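In: 3D, please:
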Amino acid sequence: MLEPGFQHRFAVRDYDLAATLGCGQAFRWCEIAGAWEGIVDGRWVKLRQTEADLILATTATPQRDWGWLAEHLQTNADLACVIATFPDDPPMRAAVKHCHGLRLLRQEPWECLASFICSSTKQIVQIRQIIALLSERFGESLIVPPGHAPAFAFPSPERLAAASESQLRACKMGFRAPYLHETARTVASGELHLVELHSRSCANARVKLEQLPGVGRKIADCVLLFAYGFQEAFPVDVWVMKALRQLYFPRRRPTLQRLRGFSETHFGVNAGYAQQYLFHYMRTRDRGKK
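Out: Model (predicted):
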């Protein structure tokens, strides 16, 4: 039997931790002095990429099994095989070169769903602030290293359903507060079982998610891709729309419907992965760094 430990080394290949955690697919990771601190499955975690092929993970409590973190980070995914399915065209080659090593995380469905409901029309820094306030005010306190600032788990749907709309608005949610409140109630009451969506087709699961208040096609596709691993889900937000129009239709003005049809046929079986590369490439290509 393995002895419990506070640290674990993940041997990785083609993994860029900074691009993966900072590319806008998740909102609870914060870079501090060259390391990344976040909350995964109710645990405080610090990650540092000490070498190109090694990630050092540290927790505040001893762990016997690190599978939960390997699953979240997708350390065992064969990125070369994924990229081999991308279309071999100039925009995609440029995005892969710029974002080399970016992985898709596998997130917990409820936190992912709630986070993207909060994300509507917000910038990433603002979304992180909303999530931090929700967790601080409604989440359970977590064990952290001695002397470290307090950390909190993301609140359960039951806890948010029990909160008032005004309490949620106080977390800088604005018009998103009633959407999150009603969705939390729907999940807490058992009207929607998020675990059950794993067994559905992508299209069928999308229909169920879009029945929730405040959840349109883009938010549903984010949840399908980042929480459930449906690679055919291709979220189209402002940045992805900009990427598709500038990189693939530079002299035309295709409609959103046309762009969706293009994305469904052009990017292959790992279209969702390709989408995140285009998204991060478009946001960061002019900064000189990721």
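In: Asn49 is in what secondary structure piece?
Out: To be clear, residue 49 is Gln; Asn isn't right here. Following DSSP states H and E, the helix or strand that holds Gln49 is strand 43-51.
In: Make sure Lys122 is actually in contact with Ile130.
Out: Yes. Between Lys122 and Ile130 there is a contact at 7.2 Å, judged by CB atoms under 8 Å. C-beta coordinates here come from the backbone N, C-alpha and C atoms, glycine included.
In: Give me the more crowded residue out of those two.
Out: Ranked by neighbour count (other CB atoms under 10 Å), Lys122 and Ile130 place Ile130 first, with 22 against 17.
In: what kind of secondary structure is that one in?
Out: Of the three states, Ile130 takes helix under DSSP: H, G, I helix; E, B strand; the rest coil.
In: how about the closest residue to it other than its chain neighbours, what does it touch?
Out: Spatially, and ignoring its direct neighbours in sequence, Ile130 is nearest to Cys118 (4.8 Å; CB to CB, 6 or more residues apart in numbering). With contacts defined as CB atoms under 8 Å, 6 or more residues apart in numbering, Cys118 is in contact with 127, 130-131, 134, 173, 176, 180.
In: With respect to Tyr277, which of these is nearest?
Out: Ranked by distance to Tyr277 (CB to CB), the contacts of Cys118 are led by Ile127 at 20.5 Å.
In: Is the closest one in contact with Ser120, as I believe?
Out: No. Under the criterion of CB under 8 Å, Ile127 makes no contact with Ser120, lying 9.3 Å away.
In: which residues touch Leu259?
Out: So Leu259 contacts 236, 241, 244-245 (CB under 8 Å, 6+ apart).
In: Give the buried subset of those residues as a PyMOL selection command.
Out: Those of the contacts of Leu259 that count as buried under 16 or more other CB atoms under 10 Å are selected in PyMOL with:
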select buried, resi 236+241+244
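In: got JSON lines for the contacts of Leu259, with distance to Thr59 too?
Out: Shown next, in JSON lines, are the contacts of Leu259 (distance: CB to CB, whole Å):
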{"residue": "Val236", "distance to Thr59": "36"}
{"residue": "Met241", "distance to Thr59": "39"}
{"residue": "Leu244", "distance to Thr59": "40"}
{"residue": "Arg245", "distance to Thr59": "43"}
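In: Most neighbours among the contacts of Cys118, please name it.
Out: Taking other CB under 10 Å as the neighbour criterion, Leu180 ranks highest of the contacts of Cys118 with 27 neighbours.
In: List the buried residues in stretch 147-158.
Out: Buried, per 16+ other CB under 10 Å, within stretch 147-158: 151-157.
In: Great, nothing more from me.
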